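Novice: With the input below, show me the fold.
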Amino acid sequence: MQLSQLLYMVQFCSFASLFFNSFAYVPIQYYNHKSCWLSTKYVPLHKICWYKFYNCNLLPFTVIIRKDRVKRMAKYEDVFKDIINRINNNEFIDTNKIPTENELIEYYQVSRNTIRNAMSVLKERGYIYPVQGSGYYIHYIEPDISFLGGTKGVSFDHPGNKISTRVLKLELMSCDKGVAQLMKCKVGTPIYYIERLRIIDDEPYSIEYTYYNKDIIPYIGREIAESSIFRYIKDDLKLTFSFTDKYLSAEKLSLEESQLLNLNEGDPCFVIQDRVHLTNGQCFNVSRCVYNYQKGKFYTMVK
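Specialist: Numbers count the residues shown, from 1 in each chain. I've put the predicted structure just below:
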């Protein structure tokens, strides 16, 4: 699809919600030329002012912006995912080698820093390895696998698959003593609690039970929860993750979990509990993910 066929649509309920709502992030709806919804992204309200608006007679309810009027630089995640797809499609099978940095810059039309960031993630996850004086060579990994050392979520770990999300619960609650101890925050701190069913290629893959500190993550709506929460936090809120504590265990499914995963009560499941921290060491997210034992495959690289 051409960029010129895409539109940004920003929906506002009223001028009052635009100017007086304390939440400063606005939903931008992506539509194609046939007015079919594609996705939603939240951006800081002040950034909207930099765009040139079209069809402004629709205010205060809708603003439409042509995507081809906004310069778009591909991000390193996009390059990373595309290179993995090219590896899986055996595009480099003859040489077993990744193109040079300059060739990748020319191919993707991005900055040198973007390519280096993408190559760094590929190396970290074991997809490539360096040979001094020769470049990067491909280390083939089984497809449809999750990287245990990552924090970017299901969408990033499965770049070639169809990912969908069903939000089971989304509520704002006060932090109790147990969650406060895990997140190193005060009892009573406002917390977003989210339950989601993650689905890969129309098959239930995992159930997520997650807590987000609202003092750090000011807003999570259903539109965000239905897509990539971590991409929203990183790209829109501009927060940087530092490290994640991961706790792995084998458990048995409850009746409710077995029904969601199309399994039987008491079936085994693989459970990963995460505590994700920012660069200042502050924990903003605690989660418990229950994986379908028939679908979940995990990988890590030991040096």
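
Novice: what's stretch 280-290 in contact with?
Specialist: Stretch 280-290 has contacts (Cβ atoms under 8 Å, 6 or more residues apart in numbering) with 179, 182-185, 206-213, 216-217, 233, 239, 242, 251, 253, 257, 261, 269-278. Any C-beta I mention is one placed from the backbone N, CA and C, and that applies to glycine too.

Novice: Using neighbour counts, trim these to the buried set.
Specialist: Among these, those classed as buried by 16 or more other Cβ atoms under 10 Å are 179, 183, 185, 206-213, 216-217, 233, 239, 253, 257, 261, 269-272, 274-278.

Novice: Show only the entries of these found in helices.
Specialist: Using DSSP state H, the subset of the buried ones among the contacts of stretch 280-290 located in helices is 179, 183, 257.

Novice: Which of the residues you listed sits closest to residue 191?
Specialist: Distances from residue 191 to these, taken as Cβ to Cβ, are shortest for residue 179 (6.4 Å).

Novice: Poorly predicted segments of the stretch 101-250 of the chain, please.
Specialist: Across the stretch 101-250 of the chain, the ranges flagged by pLDDT under 70 are 143-145, 147, 149-153, 155-160.

Novice: and if we set it to 80?
Specialist: 125, 140-161 (pLDDT under 80).

Novice: wait, doesn't residue 207 sit right on residue 196?
Specialist: Yes: applying Cβ atoms under 8 Å, one finds residue 207 in contact with residue 196, separated by 7.4 Å.

Novice: Now for these two: what residues contact both?
Specialist: Both residue 207 and residue 196 are in contact with residue 168, where contact means Cβ under 8 Å, 6+ apart.

Novice: Show the residue spans covered by the strands in the stretch 101-250 of the chain.
Specialist: 128-131, 135-138, 146-147, 163-174, 190-200, 203-213, 241-252 (DSSP state E, counting those that start in this stretch).

Novice: And the second one, what does it pack against?
Specialist: With contacts defined as 3 or more Cβ pairs under 8 Å, 6 or more residues apart in numbering; DSSP states H and E, the packing partners of strand 135-138 are helix 112-124, strand 128-131.

Novice: Contacts made by it with the rest, please.
Specialist: By Cβ under 8 Å, 6+ apart, the surrounding residues in contact with strand 135-138 are 87, 92, 96-98, 100, 119, 122-123, 127-131.

Novice: With distance to residue 285 added, can I get the ones in helices among the buried ones among the contacts of stretch 280-290 in a markdown table?
Specialist: Below are these laid out as a markdown table (distance: Cβ to Cβ, whole Å):
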| residue | distance to residue 285 |
| --- | --- |
| 179 | 11 |
| 183 | 8 |
| 257 | 21 |
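
Novice: And the residues you listed, which is closest to residue 201?
Specialist: Using Cβ to Cβ, these come closest to residue 201 at residue 257, 20.1 Å.

Novice: residues in contact with that closest one?
Specialist: Counting by Cβ under 8 Å, 6+ apart, residue 257 has contacts 207, 269, 290.

Novice: hmm, try it at 7 Å
Specialist: 207, 290 (Cβ atoms under 7 Å, 6 or more residues apart in numbering).

Novice: Next one, pLDDT for it please.
Specialist: Model confidence at residue 257, given as pLDDT, is 96.

Novice: and what of residue 33?
Specialist: 45.

Novice: for residue 76, same thing?
Specialist: 84.

Novice: Spatially nearest residue to it (excluding sequence neighbours)?
Specialist: residue 117 (3.7 Å; Cβ to Cβ, 6 or more residues apart in numbering).

Novice: Residue 295 touches residue 206, doesn't it?
Specialist: No: between residue 295 and residue 206 there is no contact under Cβ atoms under 7 Å: 8.1 Å.

Novice: give the contact list for residue 265.
Specialist: Contacts of residue 265 (Cβ under 7 Å, 6+ apart): 253, 254, 255, 258.

Novice: Let me know whether the last one touches residue 264 as I believe.
Specialist: Yes: with contact defined as Cβ under 7 Å, residue 258 reaches residue 264; the gap is 5.5 Å.

Novice: In terms of packing, which of the two has more residues around it?
Specialist: residue 258 (17 against 10; other Cβ atoms under 10 Å).

Novice: Could you check how far the more buried one is from residue 102?
Specialist: As for residue 258, its distance to residue 102 is 52 Å (criterion: Cβ to Cβ, to the nearest Å).
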